[in-house]
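Visitor: Model the structure of this input:
(2 chains)
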Amino acid sequence: MATYTLKVRRYQPESGEGPFWEEFQVDLDPSLSVLDGILQAKDREDGSLAVRCSCRAAICGSCGMKVNGSSTLACKTMIGEAHAQANRRKGNDVPPPMGADELPPPGSANGAGDGSPDNPIVVEPMGNMPVIKDLITDMESTHWEKIRRVTPWLLPHGEPPEREYVVEPESMIDVTQSMACIQCGACVSACLSMEADPDFIGPAALAKAYRFVGDPRDAESVERLHDLAHDPHGIYDCTHCFSCIDACPKGVAPMDQIMRLRRKAGEAGIDEDPNNGHNHMNAFTKIIEKKGTLDESLLLQESYAPGLKGKLKPTKGAIKGLLGSIPTAIRGIKTGKMRSLPKLIPGVHHKLPGGAQDEVKAIYEHAEQHREEFNIYIRGEEDVEPEPDETATEEKV
Amino acid sequence: MKLAYWPGCVSRGFTPELHGSMAFTAEKLGIELVELDRANCCGAGVIAEHNQELADTLNARTFALAQQTGLAMMNICSTCQGAQSECQQRLDADSAYRAHVNEALAGQGLEYVKGKDGFTNKNFLWLLVEDYGLDRLAEKVVRPLSGLWVGPFYGCYVVRPKERLGYDEFPERDLYLEKTIEALGGEVVEYDGARKCCGFPVITMNRETSLRQAGTHVGDALDAGADCLVTPCPLCHLNLDMQQPEAAKVVNRELDLAVLHLPQLVGLALGAEPKQLGMSKHIASTGWVEERLAGAAATA
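Guide: Numbering: from 1, shown residues only, chains lettered A, B, ... in the order given. Take a look at the predicted model:
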């Protein structure tokens, strides 16, 4: 048993007051969960502390919240670890031993602390969502509405079969990662694109969209992809920050599903989205094939106005984007960042030296032929020991 | 210390001051860098959006080139680190997949061998803390950054997802900038955006979402009292520094906060003059940082 302090962000709408912090002391074994701590506080100190929970086993998805700023499930977060996490910078970064009768004195954990009291475990409702009461957020307006936005049901064509749709088991393995979603909202809470753009469709809904795009029984994948690629708050609004992957308690890796949607959109020939998403990816890929390293000014140009067609008939967005980049370019020239020719003129950038560019081209040929998509979630990691190496312990000074 | 050095694309492109300051700082630290000048772009996560196997193979080539030198590999970009670690994780996970990828390299006499000579690929920040050592760094400091309040900005690609960036073995990797700032004598500014996204990946796709992020984090750092930011990622530097005036328009407030590359911050503490580190090339003026340091020296 050890004593922990939970600092909880509370809000009781009936009171007419704004949100406030309240601290609770709880006594628990370090291996129990933050949810257990919250429930103990609710039981012993204040029954009005509002929280959603049910299974306490990380499968119902009810107890999503932020612990020390990270979006997660409260039932899956060990309270001893949460305490250590909250105290990393103080030097009090060793969790108390299992079954300890009392916390070690502040600062004593590894001798490096400053003697001040331990930091509490900070508990807040999920981010990016309106708060209804205490730790309970409005999932309807930010999560469920967006899930519905992606048409989360199968759209098969033709007459329905007499019994079930029969498909090869292997053809469904790909979407099992998306299917693992328990709708907890942790990814939505963590999403940094959504923080900047609340209209972003979001990681949960887009992962759900992939569940159908990747399903061989669905007959409207191209329409789905077209819709999500053209939406300015769709697949190309993801800022690629991995927050959803880190937050997800089930390994769904929503950002990876969004990238697969981008891949599939490209494969389906959806290349004129108004977000320049496909053009950007295409330009980048082509530049490396030709030059080996990035020609930034060419990338900028080709992202907005690709190829001959893009330059002869630029879209309104392309003109806006290119003109909008001019002030930045001028500043770069003024300070001397971009004074050399290769940087100013798109296309002048050098190739890799000494035949290396041909090596890169050979890689493109091989990879474009096969396009294998290896997924560790599906295939797992091998249990094979790496080859023993005698030089591993050598000092590299 | 001798390392196989992958400088990345942007340090030789739109952030030349990074390439220059890394060369300068490495020399002062006594680190010999063997540049992998035949290596190719890491793909930055963008090539994987087109063809994942292509991204894995391109990085397998870079690893193979590094392995030929027998040295540990160093990069100077959070994005290279994240993109390369992701590819390396897939390559290391399955010998059949690795063999398939190596087929494309066989014609060039290259092969990526898992675990060869204890092969590692670390960005300069990780290397500084884990292999060089902050005590050793502190001994070389001739101009402590006393009174300089520095806000760390990591870059998403070195802090997430934890499970494939070695956090099991090195759980404090998302505190290394703080530790380094303190080892150099500076003060750490705690602010909301330190481990958030600069927005660079969507700058051409959703300019407002992109610059709102950059502008918000710079603004938060200013409100928390920062004299400058420090970042180990040149792509973050582009969105936080080069786009700072545009970001200011999106978040509707004046910004004007200097953003330093990590080798520049280290270089200053090792006695370099700002001009030697290319600080005059920045968009957001570094004049305030120089004043602060001069002031500290005057009262020292």
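Visitor: C-alpha only now, for contacts and for neighbours.
Guide: OK.
Visitor: What residue in chain B comes nearest to chain A?
Guide: Taking CA to the nearest CA, chain A has its nearest neighbour within chain B at residue B:1, 3.8 Å off.
Visitor: Residue B:31 is in contact with that residue, correct?
Guide: Yes. Between residue B:1 and residue B:31 there is a contact at 5.0 Å, judged by CA atoms under 8 Å.
Visitor: what ranges do the helices span in the stretch 251-397 of chain A?
Guide: Using DSSP state H, counting those that start in this stretch, the helices of the stretch 251-397 of chain A run over A:254-267, A:277-291, A:296-304, A:307-312, A:316-335, A:341-344, A:356-370, A:376-379.
Visitor: tell me the angle the third one makes with helix A:316-335.
Guide: If you take axes from the mean of the first three to the mean of the last three CA atoms, to 10 degrees, helix A:296-304 sits at 170 degrees to helix A:316-335.
Visitor: Report the beta-bridge partners for residue B:32.
Guide: Counting by DSSP bridges, residue B:32 is bridged to residue B:2.
Visitor: What pLDDT is listed against residue A:388?
Guide: On the pLDDT scale, residue A:388 is placed at 56.
Visitor: ok, now residue A:318?
Guide: Residue A:318 is assigned 85 on the pLDDT scale.
Visitor: And the residue of chain B closest to chain A, how close does it get to residue B:26?
Guide: In this view, residue B:1 and residue B:26 are 10 Å apart by CA to CA, to the nearest Å.
Visitor: Enumerate the positions of the worst-scoring helix or strand of chain A on mean pLDDT that are buried.
Guide: One helix or strand of chain A scores below all others by mean pLDDT, DSSP states H and E: helix A:341-344, with a mean of 73. Neighbour counts using 16 or more other CA atoms under 10 Å in any protein chain shown place A:342-344 of helix A:341-344 among the buried residues.
Visitor: Show me what it is packed up against.
Guide: With contacts defined as 3 or more CA pairs under 8 Å, 6 or more residues apart in numbering or on different chains; DSSP states H and E, helix A:341-344 has these neighbours: helix A:296-304.
Visitor: quick one: the helix it packs on to helix A:277-291, angle?
Guide: Taking the same axes, to 10 degrees, one finds helix A:296-304 and helix A:277-291 inclined to each other by 140 degrees.
Visitor: Report the set of residues contacting both of residue B:1 and residue B:26.
Guide: With contacts defined as CA atoms under 8 Å, 6 or more residues apart in numbering or on different chains, the residues adjacent to both residue B:1 and residue B:26 are residue B:32.
Visitor: quick one, what contacts the spatially most central residue of chain B?
Guide: Central residue of chain B (CA atoms, centre = their mean): residue B:232, 2.5 Å from the mean position. Residue B:232 sits next to B:76-78, B:124-125, B:153-155, B:261-262 when contact means CA under 8 Å, 6+ apart.
Visitor: From those residues, which land in strands?
Guide: If you go by DSSP state E, the contacts of residue B:232 have residue B:261 in strands.
Visitor: For the contacts of residue B:232, please prepare JSON lines with the additional fields pLDDT, distance to residue B:142 and neighbour count.
Guide: Shown next, in JSON lines, are those (pLDDT from 0 to 100; distance: CA to CA, whole Å; neighbours: other CA atoms under 10 Å in any protein chain shown):
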{"residue": "B:76", "pLDDT": "97", "distance to residue B:142": "24", "neighbour count": "25"}
{"residue": "B:77", "pLDDT": "96", "distance to residue B:142": "26", "neighbour count": "30"}
{"residue": "B:78", "pLDDT": "96", "distance to residue B:142": "27", "neighbour count": "26"}
{"residue": "B:124", "pLDDT": "97", "distance to residue B:142": "20", "neighbour count": "24"}
{"residue": "B:125", "pLDDT": "97", "distance to residue B:142": "20", "neighbour count": "25"}
{"residue": "B:153", "pLDDT": "98", "distance to residue B:142": "24", "neighbour count": "30"}
{"residue": "B:154", "pLDDT": "97", "distance to residue B:142": "25", "neighbour count": "27"}
{"residue": "B:155", "pLDDT": "94", "distance to residue B:142": "28", "neighbour count": "28"}
{"residue": "B:261", "pLDDT": "97", "distance to residue B:142": "19", "neighbour count": "27"}
{"residue": "B:262", "pLDDT": "97", "distance to residue B:142": "17", "neighbour count": "27"}
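Visitor: Out of the contacts of residue B:232, which comes closest to residue A:140?
Guide: Nearest to residue A:140, judged by CA to CA, of the contacts of residue B:232 is residue B:155 at 31.7 Å.
Visitor: Do I have it right that the closest one meets residue B:231?
Guide: Yes. Here residue B:155 reaches residue B:231: they are 7.2 Å apart, a contact under CA under 8 Å.
Visitor: Report the spatially nearest residue to residue B:286, omitting neighbours in sequence.
Guide: residue B:258 (5.0 Å; CA to CA, 6 or more residues apart in numbering or on different chains).
Visitor: Pairing partners for that neighbour in the sheet, please.
Guide: Applying DSSP bridges to residue B:258, the residues it is bridged with are residue B:228.
Visitor: Centre of the chain to the least confident helix or strand of chain A, how far?
Guide: Mean-position distance between helix A:341-344 and its chain equals 35 Å (CA atoms, centre = their mean, to the nearest Å).
Visitor: one step back: could you report the separation of the nearest residue to the residue nearest to the centre of chain B once chain neighbours are set aside from residue A:345?
Guide: Of all residues not flanking residue B:232 in the chain, residue B:262 sits nearest, at 5.2 Å (CA to CA, 6+ apart). Taking CA to CA as the measure, residue B:262 falls 29 Å from residue A:345.
Visitor: One more: residue B:172?
Guide: 42 Å.
Visitor: average model confidence for stretch A:14-30?
Guide: For stretch A:14-30, mean pLDDT is 95.
Visitor: shaky segments in the chain?
Guide: Because you didn't say which chain, this covers chain A. Chain A contains residues with pLDDT under 70 at A:91-115, A:341, A:384-397.
Visitor: Wait, chain B was what I had in mind.
Guide: Applying pLDDT under 70 to chain B flags the ranges B:296-300.
Visitor: and with 90 instead?
Guide: Chain B contains residues with pLDDT under 90 at B:117, B:163, B:291-300.
Visitor: Show the residue spans covered by the strands in it.
Guide: Ranges of strands in chain B, per DSSP E, are B:2-6, B:32-35, B:73-75, B:121-123, B:149-152, B:187-188, B:228-231, B:258-261.
Visitor: Ok, the stretch 1-150 of chain A next?
Guide: A:2-10, A:20-28, A:64-67, A:70-73, A:121-124, A:131-133, A:136-137 (DSSP state E, counting those that start in this stretch).
Visitor: Mind checking those strands for the one nearest to chain B?
Guide: The stretch from these with the least distance to chain B (CA to the nearest CA) is strand A:70-73; that distance is 11.3 Å.
Visitor: Run through who's touching the closest one.
Guide: Under the contact criterion CA under 8 Å, 6+ apart, strand A:70-73 has outside partners A:58, A:61-66, A:126-127, A:184, A:186-187, A:189-190, A:247-249.
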